[in-house]
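**Q** Just need the structure, nothing else, for what follows:
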Amino acid sequence: MTVREIKTYITWGEPRNWVFVKVITDHGLHGWGEATLEGKEETVRACVHEVGQMLINKDPLSVEHHWQALYRHGFWRGGVVLNSALAALDQALWDIRGKAWGVPVYRLLGGPTRQRIRLYTHVGIYDPSQLEADAQQDIADGFTAVKTGAWAGDSALPEEEMIGAFADRVARLRKTVGPAVDIMIDNHGRSRPSTAVRLMEALQPHRLFWLEEPTQPDDLEGLARVRAAGPRMDLATGERLFSKWDFAPLLEQRLVDVIQPDLCHAGGLTECKKIAAMAEAYYVQVAPHSPQGPVSTAAAAHLAMAIPNFHILEFVRSAPYRDRVLREAWVVRDGHLEVPDRPGLGVELDEDALTASPARPAGIPRGAWGADGSVVDV
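**A** Numbering: from 1, shown residues only. You can find the predicted model right below:
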């Protein structure tokens, strides 16, 4: 069996465009991967086709060998675009591998380690006016954990007002969901270390499950200062780290309680399985970052089914687009995802539905500005 062709699809999925990759073999098997990279869809599509040429006429079952060649050959390596393209191709090869042996991918990776996958959803994310309404719907539907934050519109506020608005919204959310539901806050790395500490102090009464990206992901010294403040909540980061080499110093310095590798950006299943094993050695939990489409969800779920230190999985409902593009939807029950016992990743996409939903301008903030018009972190 050899790889014959690689196809890509860019389709609107709400609130972002999804980038799907289909690797086709000469034996009738194919595999799906996802390389969703909001705002850079055409860039990553071009990269998929460019680096994917290395797979043409090759045996798709030699997944580790191909990962090494795709990552290490060509001299330039790493970064979000190259590793997103690599991630999608890697997912697709694992999908083919599972189909070739007639088993789910998680069984090839050593699973199952659990029976189902706990999920968390987004409430009022990007738009705090939707906080209570989103939370009420998700809790009514059985979800037991929610995440909010990422409020780019707060960037023009003075620091004290921004922290006050943050705390007020989280207090409203806690009142809405009650004491038993877990709440996570995404700070998008916007704070200086001292600001992050003050933000933690303001949020501490509301019993957070974690505070995500309190500082920029490349500022490990700043994160160390936040850690040294003794937060009474878990710290999480990792969605903007793209390899085992990126995660190594974060783990070695014991700066966070939870890491969030993204199966669409951090080299796919092959690399994220290794990152999870590194984290296990430091007693750190893995909560895959996965706000993208159904192939991303599937890949992250198979990883979760195969590792001992899985924590919780991000899940954006993206109705009705998620169910429209799937030939057979996965079951979400009581806030948990049930991974079907189907070969490969267990997802088949409707290509007619993909082409019927063309790309749109992203529905998430692409910029953020200070009160004086200066550029600040989004």
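
**Q** quick one: the helices in this protein?
**A** Along the chain, the segments classed as helices by DSSP state H run 41-52, 63-72, 80-101, 105-108, 131-140, 159-177, 193-203, 220-228, 244-252, 268-281, 294-306, 321-325, 351-355.

**Q** Put together JSON lines for these, with distance to Leu313, mean pLDDT and mean neighbour count on each row.
**A** Backbone N, C-alpha and C define where each C-beta goes, glycine included. What follows is the helices of the chain, written out as JSON lines (distance: least, CB to CB, whole Å; pLDDT from 0 to 100; neighbours: other CB atoms under 10 Å):
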{"stretch": "helix 41-52", "distance to Leu313": "22", "mean pLDDT": "98", "mean neighbour count": "19"}
{"stretch": "helix 63-72", "distance to Leu313": "22", "mean pLDDT": "98", "mean neighbour count": "16"}
{"stretch": "helix 80-101", "distance to Leu313": "16", "mean pLDDT": "98", "mean neighbour count": "26"}
{"stretch": "helix 105-108", "distance to Leu313": "13", "mean pLDDT": "98", "mean neighbour count": "22"}
{"stretch": "helix 131-140", "distance to Leu313": "14", "mean pLDDT": "97", "mean neighbour count": "17"}
{"stretch": "helix 159-177", "distance to Leu313": "19", "mean pLDDT": "97", "mean neighbour count": "16"}
{"stretch": "helix 193-203", "distance to Leu313": "23", "mean pLDDT": "97", "mean neighbour count": "19"}
{"stretch": "helix 220-228", "distance to Leu313": "23", "mean pLDDT": "98", "mean neighbour count": "17"}
{"stretch": "helix 244-252", "distance to Leu313": "18", "mean pLDDT": "98", "mean neighbour count": "16"}
{"stretch": "helix 268-281", "distance to Leu313": "12", "mean pLDDT": "98", "mean neighbour count": "21"}
{"stretch": "helix 294-306", "distance to Leu313": "6", "mean pLDDT": "98", "mean neighbour count": "28"}
{"stretch": "helix 321-325", "distance to Leu313": "14", "mean pLDDT": "97", "mean neighbour count": "19"}
{"stretch": "helix 351-355", "distance to Leu313": "23", "mean pLDDT": "98", "mean neighbour count": "14"}
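
**Q** Of those helices, which is nearest Arg342?
**A** Closest approach to Arg342 among these (CB to CB): helix 80-101, 8.6 Å.

**Q** now the angle from that closest one to helix 268-281?
**A** With axes from the mean of the first three to the mean of the last three CA atoms, to 10 degrees defining the directions, helix 80-101 sits at 100 degrees from helix 268-281.

**Q** From the contact counts, what lies against helix 80-101?
**A** The helices and strands touching helix 80-101, judged by 3 or more CB pairs under 8 Å, 6 or more residues apart in numbering; DSSP states H and E, are strand 17-25, strand 30-34, helix 41-52, helix 63-72, helix 105-108, helix 268-281, helix 294-306.

**Q** Okay, angle between the third one and helix 63-72 too, please.
**A** Here helix 41-52 runs at an angle of 120 degrees relative to helix 63-72 (the same axes, to 10 degrees).

**Q** Give me the contact list for helix 41-52.
**A** 6, 8, 10, 17, 19, 21, 23, 35, 37, 70, 74, 81-82, 84-86, 88-89, 359 (CB atoms under 8 Å, 6 or more residues apart in numbering).

**Q** likewise the fourth one?
**A** With contacts defined as CB under 8 Å, 6+ apart, helix 63-72 is touched by 51, 54-55, 58, 60, 77-78, 82-83, 86, 89-90, 93-94, 97, 267-268, 270-271.
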